[in-house]
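> pasting the sequence and the predicted model now:
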Amino acid sequence: KILTIAKKNNIRIIGPNCLGTGSPVSGMNATFGGAMPLPGKVAFLTQSGALLCAIMDWSLQEKFGFSHVISIGSMADIDFGDCLDFLGQEPTCNAIVMYMESIGNPRKFLSAARRVALSKPIIVIKVGRTEAAAKAAASHTGTMTGSDAVLDAALKRCGVMRVDKIGDLFYLSDLLSTQPLPNGKKLTIITNAGGPGCLATESLSLGGGQLADISEETMSELNKFLPGVWSHNNPVDIIGDATPDLYAKTLEVCVKDPNSDGVLVICTPQAMTDMTRTADALRKYAHSDKPVIASWMGGRDAAAGMAILKQADIPNLPYPDEAVEVFNHMWKYKENLKELYQLPEAHGAGDDVDPANVAEATRMIETARQEGRRFLTEYDSKKLMALYGIPVTPMEFCTDPDAAAKAATDMGFPVVVKLASDTITHKADVGGVQLNIMNEDAVRKAYALIKGNVKPEDFLGVTVQPMLKLSGGYETIVGSNLDPQLGPVLLFGTGGSLVEIYKDSALGLPPLNEPLAMSLIQKTKIFEAFKGVRGLKPVDVKRVTDVLVKFSGLVLDQPFIAEVEINPLFVSSDHVIALDARVVLHPKETTLDMIPKSALRPYPRQFISQATLNDGIKITIRPTKFEDEPAVNAFLVQEAEDEALAIVFDRYFAVKQAQKVLRGRLVALCSGDYEKEIALLAETPDKKIAGVARLTRIFGQEAAEFAIFNGAQFLRKGLGRTFVHAIEKIAKAEGYTRLESRLLTHESAFANLLEKSGFTLKTSGTTYIASKNI
């Protein structure tokens, strides 16, 4: 009832079951907690009001500042996605930390996270890793938590860093808001004591990081001023009587080492150590091109130095193993960010899946569902794979022993005879697989044996397949099922009959392209074997990634598939082939709106259109991709050099006109996830960009704002009109009910075009506001 009233009056609601919201930077306190924290650069979002109270109190003692504190409660209206959209545009916020019990609207949250993570780190602690915690979270928020492993994969795909401890939230946010991300996993450790250096080294290794190898040049420089008994290795132990100047010189040299991606400076309280002056000597290295982290160990003696480091923006952690854990989080986060720029089509680039094949696959599935079948036979399952270009073993479906014997003879011995059933999927468990059959009599016996092992209602016949002579390779598994919150999930790993024993797999979200498929494979242990071990040739990984991309397309195209699995997918240097497949369908009563949507939206190919301009030039209008960013950048910079166009350019793309366009904004436009914002470009047959446009959802409304920027050579040729028509079609398809555009009053030609297209124009100062209900 509250939501109905609020929506009618265009009011947004935070909560219920929340503490409120505050902005220490502006002085606003709309919470019923204690005193507001100090102003800072980090925003804190939480579903727990009590946790916010505790953190606010802690922050005052630790002098840790916040830009915003938001208790979001049960998220009846405003949710995490809304808050991320808001904080992503707030100039006072440099980093976002979150305590999450339930994700809310998954597609909305992941969409917002992808956009914001391009410019601001997002760090999440999400409860629910254990069954007990998941139940507690569900009872607290009244919502499902979904699979934790799947959420983990989704967060990584969207550039969100997940941690397990409350302390890590704030250590990392402090570090990420003041220090650059490392380019790799190699750390240099400077210490005045051996024990803390050993602890840091072990923690680094356990977390996947590596000690940097000291370069010859760095070694030579260090030898010039360090005492002869220094460690001559990494960790760089500069001995217990190290002076502040010695610390500073060592850091200056080590931070320049090309082999190092970051530096940890450890200082322990010893009789000859001045921890305060040492901290002061490090101030000037706070803003290097690599992260510099400190660990001032101790209490009373370390306190003044800790305060100096904090003031200088050098993050300090009380123990070196904790400092190294934070560094490991940083380089892993940097790797995750690479996947932000990948949002492929449902079918990968260059994929030759015929639309007729997709239609035939859809008919197969619908026919089976209308017949009340939940399981496809192996024969039909493999046929489905083949329609998507996934290599499968040839096979014949036979309903009597003589037909099976003839099929085997035609195929050539030896063969495999398998149960054909639309009720039993794990055939080997019921004696439904007979291997290495050498003659016709053996085929007939195998037929009779399989038939006798199952109930009559479970037996449709058998399939006969060649017994392939495969060696020098590995059995893998490719699969997909549905998460109740995040939709279809992909799995790749070690397969075969012992798949549950090995438990070597990685999860990902569709859609995939080749880089994303490769990333999924690299997360498994079996990938190391793919490189070639014990005399075996390396696996043709390119063909494996091709299968994963095509399998991803199958999953997205066919939402009425509940589960699908290829096990085993045999891979080697010469073969990549599906030896078995199973498909489980949704019941025929299940409708499309009952099935969870894919958490990530694939490239919207349906919005590609062609048109001919007034002078006969043919153009293609299409949504942009990440790889378009350099070309769009070059186009906008060139066009913005025209003084008349520069003002329009500034207004339309919300980036400062300069020799180099603000890359973060362009990357966000070109690699958008198409959920909140769709950027378009118009290109000629020779791939020359004629113009660009964007369509952006208006926060909290069923409306969108659009902007168009045409190149000088394409003005007054009908490109603006073509863009407007394309934008209207997309807006209707997206479910928007109103379109708006803002333009300068001197843009009379564009204003006339919009009026002719049915838009109403209102003047506001030097700006027209054009709007149209659609």
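Thanks, I have it.

> contacts and neighbour counts: CA atoms only from here.
Fine.

> hang on, Gly720 in a helix?
Yes. Checked against DSSP: H, G, I helix; E, B strand; the rest coil, Gly720 lies within a helix.

> show me the contacts for it.
Gly720 makes contact with 708, 710, 750, 753, according to C-alpha atoms under 8 Å, 6 or more residues apart in numbering.

> those, buried ones only, as a PyMOL selection?
Buried members of the contacts of Gly720, defined by 16 or more other C-alpha atoms under 10 Å, are picked up in PyMOL with:
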select buried, resi 708+710+750
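
> quick check, distance from stretch 241-255 to the centre of its chain.
In terms of C-alpha atoms, centre = their mean, to the nearest Å, the gap separating the centre of stretch 241-255 from the centre of its chain is 39 Å.

> next one: stretch 720-737
28 Å.

> and that stretch, average pLDDT?
Mean pLDDT, stretch 720-737: 95.

> and the furthest pair within the contacts of Gly720?
Pairwise distances across the contacts of Gly720 peak at 13.9 Å for Asn710 and Leu753 (criterion: C-alpha to C-alpha).

> returning to that earlier point: mind checking which of the contacts of Gly720 are in strands?
Here DSSP state E is the test, and those give 708, 710 as lying in strands.

> which among the contacts of Gly720 gets closest to Thr620?
Proximity of the contacts of Gly720 to Thr620 (C-alpha to C-alpha) peaks at Asn710, which lies at 13.8 Å.

> list the contacts for the closest one?
Taking C-alpha under 8 Å, 6+ apart, one finds 690-692, 719-720 in contact with Asn710.

> ok, what's across the strand from it?
Asn710 has these beta-bridge partners by DSSP bridges: Gly691.

> and Thr21, by the same measure?
Beta bridges link Thr21 to Ala30, Ile70, judged by DSSP bridges.

> that older thread, between the contacts of Asn710, which sits nearest Asp245?
Distances from Asp245 to these, taken by C-alpha to C-alpha, are shortest for Val692, at 55.1 Å.

> wait, isn't the closest one in contact with Phe706?
No. Using C-alpha atoms under 8 Å, Val692 makes no contact with Phe706, being 10.9 Å away.

> low-confidence ranges in this protein?
Scanning the chain with the threshold set as pLDDT under 70 gives 128-146, 340-352, 640-673, 700.

> can you name the farthest residue from the center of it?
Asp441 (54.7 Å; C-alpha atoms, centre = their mean).

> quick one: that residue from Ala403, how far?
Asp441 sits 12 Å away from Ala403, going by C-alpha to C-alpha, to the nearest Å.

> can you check Pro391 too?
25 Å.

> same question, Thr425
To Ala403, Thr425 is 23 Å away according to C-alpha to C-alpha.

> now do Asn105
Asn105 is 54 Å from Ala403, where distance means C-alpha to C-alpha.

> ok, now Ala113?
According to C-alpha to C-alpha, Ala113 and Ala403 sit 57 Å apart.

> ok, Thr425 and Ala403, which is more surrounded?
Thr425 (20 against 17; other C-alpha atoms under 10 Å).

> doesn't that one fall inside a helix?
No. Assigned with three-state DSSP, Thr425 falls outside any helix and is coil.

> in the sheet, who's paired with the closest residue in space to it that isn't next to it in sequence?
Leaving aside its chain neighbours, Thr425 sits nearest to Arg582 (6.5 Å; criterion: C-alpha to C-alpha, 6 or more residues apart in numbering). Legend: beta-bridge partners of Arg582 under DSSP bridges are Glu565.

> which residues touch Arg582?
Going by C-alpha under 8 Å, 6+ apart, Arg582 touches 375-378, 381-382, 425, 564-566.

> wait, Glu339 touches Glu514, no?
No. Judged on C-alpha under 8 Å, Glu339 makes no contact with Glu514 at a distance of 11.5 Å.

> who's more crowded, those two?
Of the pair Glu339 and Glu514, Glu514 is the one with more neighbours under other C-alpha under 10 Å, namely 20 against 17.

> so what's the closest residue to the more buried one other than its chain neighbours up against?
Excluding the flanking residues, the one nearest Glu514 by C-alpha to C-alpha, 6+ apart is Thr545, at 5.8 Å. Counting by C-alpha under 8 Å, 6+ apart, Thr545 makes contact with 514, 517-518.

> and the closest residue to Val417 other than its chain neighbours, backbone torsions?
Distances taken as C-alpha to C-alpha, 6+ apart place Val464 nearest to Val417, at 4.8 Å, with adjacent residues excluded. Dihedral pair for Val464: phi -110, psi 130, per degrees, to the nearest 10.

> ok, what's across the strand from Val464?
Note on Val464: beta-bridge partners by DSSP bridges are Glu396, Val417.

> dump the residue contacts of it.
Contacts of Val464 (C-alpha under 8 Å, 6+ apart): 395-398, 404, 407-408, 415-418.

> so which of these is the most crowded?
Neighbour-wise, the contacts of Val464 (other C-alpha under 10 Å) top out at Val417, 30 neighbours.

> next up, the contacts around that residue.
Val417 touches 433-435, 437, 443, 446-447, 462-465, counting by C-alpha under 8 Å, 6+ apart.

> picking up where we left off before, which one of the contacts of Thr545 is nearest Thr4?
Ala517 (43.9 Å).

> return the backbone torsion pair for the nearest residue to that closest one once chain neighbours are set aside.
Spatial nearest neighbour of Ala517, chain neighbours left out: Thr545 (5.3 Å); criterion: C-alpha to C-alpha, 6+ apart. Taking degrees, to the nearest 10, you get phi -60, psi -40 for the backbone angles of Thr545.

> how much space separates Thr545 from Leu520?
Distance, Thr545 to Leu520, by C-alpha to C-alpha: 9 Å.

> name the SS class of the closest residue in space to Asp615 that isn't next to it in sequence, please.
Spatial nearest neighbour of Asp615, excluding adjacent residues (C-alpha to C-alpha, 6+ apart): Lys717 at 6.6 Å. Using three-state DSSP, the secondary structure recorded for Lys717 is coil.

> so which residues of the stretch 151-300 of the chain form helices?
Along the stretch 151-300 of the chain, counting by DSSP state H, counting those that start in this stretch, helices occupy 166-176, 194-206, 216-225, 244-254, 275-281, 300-311.

> for these, which one sits closest to Ile678?
Comparison of the helices of the stretch 151-300 of the chain against Ile678 by C-alpha to C-alpha identifies helix 166-176 as nearest, at 29.0 Å.

> pull the residues that contact the closest one.
42, 95-98, 121, 123-125, 163, 314-315, 317, 326.

> which ones among the residues you listed map onto helices?
Assignment to helices by DSSP state H places the following of the contacts of helix 166-176 there: Val326.

> just put the contacts of helix 166-176 in TSV and tack on distance to Glu366.
As requested, these are arranged in TSV below (distance: C-alpha to C-alpha, whole Å):
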residue	distance to Glu366
Val42	51
Ala95	48
Ile96	45
Val97	45
Met98	43
Pro121	44
Ile123	43
Val124	41
Ile125	42
Val163	43
Ile314	61
Pro315	58
Leu317	59
Val326	51
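
> of the contacts of helix 166-176, which pair is most distant in space?
Pairwise distances among the contacts of helix 166-176 were taken by C-alpha to C-alpha; the largest, 23.6 Å, belongs to Ile125 and Ile314.
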